[in-house]
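J.: Model the structure of this input:
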Amino acid sequence: MPRHGYEHTSQADAYPCRGIPCGCPGGVSESKPHRPGTLYGVGVGPGAPDLLTLRAQQILRTSPVICLPTSAHGQSYAGSIIEHLLDHERQEVLLVSFPMVRDPQLALPAREQAVTLVLERLQAGLSVAFATEGDPLLYSTFGYLLEAVKQYSPDICVQVVPGISSITAAAASACLPLAAWDEGIAVIPAAHAVRRTGSGNLRQVLQLFETVVLLKVHTVFDLVLDTLEELNLVQHAIFVQRCSTDREEIVCDLSRLRKQKLDYFSLVIVRKPYATSKP
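T.: From the prediction side, this is the model:
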């Protein structure tokens, strides 16, 4: 997706912080040459465009700058979800990279560049909508940007528009309740649970909680399957990938996925058989 020019147009945003001294156009602030723009963290859901909230659509249509996180190949999953809402003649589409590496020294240059690009526009008075799949505050690259903006420009008004996460979307696709009564639920990245801490940690989590959601299982699926078989939980687990899209797949027999190449956007939900039996 190429970058496009932009022009600053009037905004039809509703400001929930109206009347509060926060620095955004809806707040109360002292007279300045110009007010900084508002940073919006916009959750665009798991993949289906019709799962976008009305608030998200409003912000994405009216913000002069749309910021999209990209993969290592320069593609933006969030961008593919919201493309139908964008006006490339009026809005700038800003592509930024957030490398998915654990070494902070390798990720820092790209993150700093992204922060600089966003801050330039905010300080020029332009509002920026950072679109991210799922929810902006749950395993999202928006978190890096949010921390940096608070650190370098605490006067910037930040608003977060929640989105439907893959966790609840996958459960909805499978018609599977996640929790009831006083049941506990754990959500963990599968690779962290298996590779960094050993399968013993995953085993402990599975024994402790009634429901466990394992995210991004594609790289460690066989190890996860081994642990589920050991605990006799395979028959109580489902695999979901690309939920809510035309590529959605739900698999109840996880054993047939062993040694298969799985999608990046995949997860496993483990729901113990006695989880719904409480009075």
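
J.: Could I get the full set of strands for the chain?
T.: Using DSSP state E, the strands of the chain run over residues 39-43, 65-70, 92-97, 128-132, 158-161, 185-189, 211-215, 237-241, 249-251, 266-271.

J.: Now do the shortest one: distance to the chain's middle.
T.: Just to be clear, that refers to strand 249-251. Distance, stretch centre to chain centre, for strand 249-251: 21 Å (C-alpha atoms, centre = their mean, to the nearest Å).

J.: Show me what it is packed up against.
T.: strand 237-241 (3 or more C-beta pairs under 8 Å, 6 or more residues apart in numbering; DSSP states H and E). Every residue, glycine included, has its C-beta placed from N, CA and C.

J.: And the contacts of the strand it packs on?
T.: Residues outside strand 237-241 that contact it (C-beta atoms under 8 Å, 6 or more residues apart in numbering): 170, 173-174, 176, 217, 228, 247-252, 254, 257, 262-263, 265-271.

J.: quick revisit: now the strands of the chain as TSV including mean pLDDT?
T.: Below are the strands of the chain laid out as TSV (pLDDT from 0 to 100):
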stretch	mean pLDDT
strand 39-43	99
strand 65-70	96
strand 92-97	95
strand 128-132	99
strand 158-161	98
strand 185-189	96
strand 211-215	98
strand 237-241	98
strand 249-251	98
strand 266-271	98
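
J.: Nearest to T116, out of these?
T.: Across the strands of the chain, T116 has its closest neighbour in strand 92-97 (9.8 Å, C-beta to C-beta).

J.: Quick check: closest non-adjacent residue to F98.
T.: Closest residue to F98 apart from its sequence neighbours, by C-beta to C-beta, 6 or more residues apart in numbering: T141 at 4.2 Å.

J.: just to revisit the earlier point, dump the strands of the chain into TSV; add distance to L122 and mean neighbour count as well.
T.: As requested, these are exported to TSV (distance: least, C-beta to C-beta, whole Å; neighbours: other C-beta atoms under 10 Å):
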stretch	distance to L122	mean neighbour count
strand 39-43	6	28
strand 65-70	9	24
strand 92-97	11	19
strand 128-132	6	28
strand 158-161	10	20
strand 185-189	31	16
strand 211-215	31	24
strand 237-241	36	23
strand 249-251	40	16
strand 266-271	34	23
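
J.: Put together JSON lines for these, with distance to S76 on each row.
T.: JSON lines is the format used below for these (distance: least, C-beta to C-beta, whole Å):
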{"stretch": "strand 39-43", "distance to S76": "13"}
{"stretch": "strand 65-70", "distance to S76": "4"}
{"stretch": "strand 92-97", "distance to S76": "7"}
{"stretch": "strand 128-132", "distance to S76": "8"}
{"stretch": "strand 158-161", "distance to S76": "17"}
{"stretch": "strand 185-189", "distance to S76": "21"}
{"stretch": "strand 211-215", "distance to S76": "20"}
{"stretch": "strand 237-241", "distance to S76": "19"}
{"stretch": "strand 249-251", "distance to S76": "22"}
{"stretch": "strand 266-271", "distance to S76": "19"}
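
J.: Relative to Q58, which of those strands is closest?
T.: Short answer: strand 158-161, nearest of the strands of the chain by C-beta to C-beta, at 8.9 Å.

J.: partners of the closest one, with directions?
T.: strand 39-43 (parallel) (DSSP bridges).

J.: now the angle from the partner strand to strand 65-70?
T.: Angle, strand 39-43 to strand 65-70, by axes from the mean of the first three to the mean of the last three C-alpha atoms, to 10 degrees: 50 degrees.
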